[in-house]
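[1] no FASTA, just this:
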């Protein structure tokens, strides 16, 4: 039987099972706790920050969102599971203002936050860096290696966060937070299933939690994801070569060791198989003038493992009030198989192990609340590439995507002081960072080829960089429910292994480039937020000055039709824009909501002729907005939400964007407007059903810079069962 027919049979059978399970659940007993009260219709809406919302990433300790002097937002568990973009973790922020989620492929999504992505945005899991020294400029796939079902919330902090979180936190910082299990004397389970017709996707998640009060609390979860070939909107139809699968495992154990000390031990495993990069292959469906690819196949296998232990204790009024020590180990492995014409095959991959240590303290003093600490991350990198012709190996290359036999160390020490003076709250911060790179096997760009047997073709690179950055932010409370804030924050990014040693082909050909310098950024931000009884909102405006940014510029040379790129610290310029979000209770049953964002900016780049020009930065987000409303009857337990997601044409293109003809149409990505409606209700005290119809008009559209179109009209069913 053809594989496509097998997949369709699988999805039909799963749908029947899902619906049957929902029907049977109506008569099920009620052995467990009620579903979260968050399942009340806010799923998928664009809630403004609420006064009682707590965040930990912005100040590195729990604080009310109302008291944070910068823009911050929390994506909750229900939006991660049943929201309109619940396909993956980065997809969950697609409708956040100021965020453009670029999708190279269906499993390779990368958020641009305030104009930056890749190694200029920082992703963490429970405050532990997922970023490592092999992360690329521009979009990458690593944000998709965090299972959205393994976390309880995703905190998004806008703007440079280098003082607290170090290098890479330029556009913003995303912190995926796991939850502590309920330590009761019995065990509870949860089963969640999500099926989407146009995505051809089926997710199954099962987890258990329990423990003993005062002794331990444990949560364990397993997720299985099957992604079929996407059916796009009218015009593109079925997108062959967009299917893959994923298996995930996670756990978290919390053990109190006394009244004032607690140990947390947690782990995650993510395995993705045959994730396609479809736009470079012959399966690519042209959109609005994009060029099809020439590869016969280009798939990626990706594995990420994380283990960490954290000890938290109180200082009993000594030099500190609270302290935390974290040891972590993370391993990220990837292997790409690329089949070309003429019987050529290329295997290239990475194996990166990262050891991390964090020690942080807090102390409430007469000079304010002090937070200080040190952290260190050490990467060990193996990188390879093997070429074949008609099944016969022709080359064991010097390196793969980055240098082989390499290491990278990132150390930081920081101090933050929060001072409260009447209605004013001011936060000062400083951080010293030091990065060291040691790459033993690098392909010499001045010698043709990647063969280690060629004389003079193997280089070694050693370098280090240091920087001191600071920030000052202030907030003034206006009454009990509103606040205005302003701040200046510096960002710093040290060159990494990808900057200096990348040797790979994506939208352009990169070659090793020793001698690059750090990048520096300064952002000014002003904003206001309010949390009134019947309406909530926030407005933020920002301007980011850029100095010495490493820019990839096309040289004008083509190799097999692919532009060759050069890297230089030439990128001086700026990005500016705004974000707004709000919601208003129209009455006891209706709530309207809106988000909007826009960005513009330019940095210096080199033309193919070597002339320095000022052009837009890559993949700037066009004006985008979400408008919608939620209806929740006062005397019923069901809800319904409808919204429209609108984006203008994205025609601010960098020189590199103009050469990326497989992903970006000539002149820019067309604008779009997409309608969706979602509804949900408890079937009984332990079971909740959510039904959605997305892209109702079956519009054929693409998020700017992406290599694949979005799903067409889609029925999405989710069932959440507690037992």
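    Received, thanks. Because the structure is predicted, anything quoted here is derived from the model rather than measured.

[2] Is there a neighbour count for residue 587? I'd like the number.
    8 (other Cβ atoms under 10 Å). C-beta: built from backbone N, CA, C; applies to glycine.

[3] for the stretch 51-200 of the chain, what spans make up the helices?
    In the stretch 51-200 of the chain, the helices defined using DSSP state H, counting those that start in this stretch lie at 77-82, 162-165.

[4] Residue 231: what's it in contact with?
    Residues near residue 231 by Cβ atoms under 8 Å, 6 or more residues apart in numbering: 197, 198, 200, 237, 238, 239, 711, 712.

[5] Spatially nearest residue to the fifth one (excluding sequence neighbours)?
    In space, and not counting its chain neighbours, residue 238 is closest to residue 231: 5.1 Å by Cβ to Cβ, 6 or more residues apart in numbering.

[6] same question, the third one
    Once its chain neighbours are removed from consideration, residue 200 has its nearest residue in residue 228; the separation is 2.7 Å (Cβ to Cβ, 6+ apart).

[7] and the one you found, how many neighbours does it have?
    Residues near residue 228, counting by other Cβ under 10 Å: 23.

[8] In this structure it contacts residue 244, no?
    No: using Cβ atoms under 8 Å, residue 228 is not in contact with residue 244; the gap is 9.3 Å.

[9] which regions of this protein lie under the pLDDT threshold?
    Low-confidence segments of the chain (pLDDT under 70): 1-52, 507.

[10] Bridged to residue 693, which residues?
    residue 677, residue 715 (DSSP bridges).

[11] how near is the residue of the chain most remote from its centre to residue 180?
    Distance from the centre of the chain peaks at residue 455, with 42.0 Å (Cα atoms, centre = their mean). Per Cβ to Cβ, to the nearest Å, residue 455 is found 59 Å from residue 180.

[12] State the distance from residue 481 to residue 413.
    Counting by Cβ to Cβ - residue 481 and residue 413 are separated by 38 Å.

[13] what does residue 505 give?
    Going from residue 505 to residue 413 by Cβ to Cβ gives 39 Å.

[14] Any chance of TSV for the contacts of residue 231, columns distance to residue 158 and neighbour count?
    As requested, the contacts of residue 231 are exported to TSV (distance: Cβ to Cβ, whole Å; neighbours: other Cβ atoms under 10 Å):
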residue	distance to residue 158	neighbour count
197	34	19
198	31	21
200	34	25
237	37	14
238	37	15
239	33	22
711	28	23
712	32	25
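
[15] Quick check: of these, which lies closest to residue 432?
    Nearest to residue 432 among the contacts of residue 231, counting by Cβ to Cβ, is residue 711 at 46.6 Å.

[16] Contacts only, for the closest one.
    Residues near residue 711 by Cβ under 8 Å, 6+ apart: 196, 198, 199, 230, 231, 232, 233, 694, 695.

[17] Show me the two of the residues you listed that sit farthest apart.
    Checking the contacts of residue 711 with Cβ to Cβ, the most distant pair is 196 and 233, at 14.3 Å.

[18] hmm, back to that, neighbour-wise, which one of the contacts of residue 711 leads?
    residue 230 leads those on contacts (other Cβ under 10 Å) with 27 neighbours.

[19] That one against residue 244, yeah?
    No: applying Cβ under 8 Å, one finds residue 230 not in contact with residue 244, separated by 11.0 Å.

[20] Return every residue with contacts to both of the two.
    Residues touching both residue 230 and residue 244 comprise residue 106, with contact defined as Cβ under 8 Å, 6+ apart.

[21] quick one: terminal-to-terminal distance for stretch 608-621?
    25 Å (Cα to Cα, to the nearest Å).

[22] sorry, that was for stretch 129-141
    End-to-end distance for stretch 129-141: 15 Å, by Cα to Cα.

[23] Mind jotting down where the helices sit in this protein?
    3-25, 77-82, 162-165, 497-501, 655-659 (DSSP state H).

[24] Residues touching the last one, excluding its own?
    Just to be clear, that refers to helix 655-659. Against helix 655-659 from outside (Cβ under 8 Å, 6+ apart): 507-508, 552-554, 563, 565, 605-607, 613, 615-616, 618-619, 664, 705.

[25] Can I get the buried part of those residues as one ChimeraX selection?
    Buried members of the contacts of helix 655-659, defined by 16 or more other Cβ atoms under 10 Å, are picked up in ChimeraX with:
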select :507,508,552,553,554,563,565,605,606,615,616,618,619,664,705
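
[26] Which ones among the contacts of helix 655-659 lie within strands?
    Members of those lying in strands (criterion: DSSP state E): 552, 553, 554, 563, 565, 605, 606, 613, 615, 616.

[27] gap between residue 530 and residue 381?
    From residue 530 to residue 381 the distance is 48 Å (Cβ to Cβ).

[28] Give the residue from the two that has the larger number of neighbours.
    Here residue 530 and residue 381 are compared on neighbour count by other Cβ under 10 Å; more neighbours surround residue 381, at 27 against 20.

[29] got a list of what the more buried one touches?
    133-134, 350-352, 402-408, 497.

[30] List just the nearest of those to residue 544.
    residue 133 (23.6 Å).

[31] Do a quick rundown of the strands in the stretch 101-250 of the chain.
    Under the criterion DSSP state E, counting those that start in this stretch, strands of the stretch 101-250 of the chain are mapped to 108-113, 122-125, 128-129, 153-158, 172-177, 188-196, 201-212, 216-227, 244-258.

[32] Turn those strands into JSON lines, including distance to residue 72.
    Formatted as JSON lines, these follow (distance: least, Cβ to Cβ, whole Å):
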{"stretch": "strand 108-113", "distance to residue 72": "12"}
{"stretch": "strand 122-125", "distance to residue 72": "14"}
{"stretch": "strand 128-129", "distance to residue 72": "19"}
{"stretch": "strand 153-158", "distance to residue 72": "5"}
{"stretch": "strand 172-177", "distance to residue 72": "9"}
{"stretch": "strand 188-196", "distance to residue 72": "27"}
{"stretch": "strand 201-212", "distance to residue 72": "27"}
{"stretch": "strand 216-227", "distance to residue 72": "26"}
{"stretch": "strand 244-258", "distance to residue 72": "24"}
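
[33] out of the ones you listed, which comes closest to residue 624?
    Of all the strands of the stretch 101-250 of the chain, strand 108-113 comes closest under Cβ to Cβ, at 11.5 Å.

[34] now the closest one, how far from the centre of its chain.
    6 Å (Cα atoms, centre = their mean, to the nearest Å).

[35] same deal with stretch 476-490?
    Here stretch 476-490 is found 27 Å from its chain centre; the criterion is Cα atoms, centre = their mean.

[36] for residue 696, phi and psi?
    For residue 696, the backbone dihedrals (degrees, to the nearest 10) come out as phi -60, psi -40.

[37] and the nearest residue to it once chain neighbours are set aside, how far is that from residue 716?
    Of all residues not flanking residue 696 in the chain, residue 675 sits nearest, at 4.4 Å (Cβ to Cβ, 6+ apart). According to Cβ to Cβ, residue 675 and residue 716 sit 14 Å apart.

[38] Please apply the same query to residue 139.
    25 Å.

[39] So if I had to pick from the two, which one is more boxed in?
    Using other Cβ under 10 Å as the criterion, residue 139 and residue 716 rank with residue 139 on top: 27 against 24.

[40] Please work out how many residues are found near the closest residue to the more buried one other than its chain neighbours.
    Computed as Cβ to Cβ, 6+ apart, the closest residue to residue 139 that is not its neighbour in sequence is residue 110, at 3.6 Å. Residue 110 has 25 neighbours, counted by other Cβ under 10 Å.
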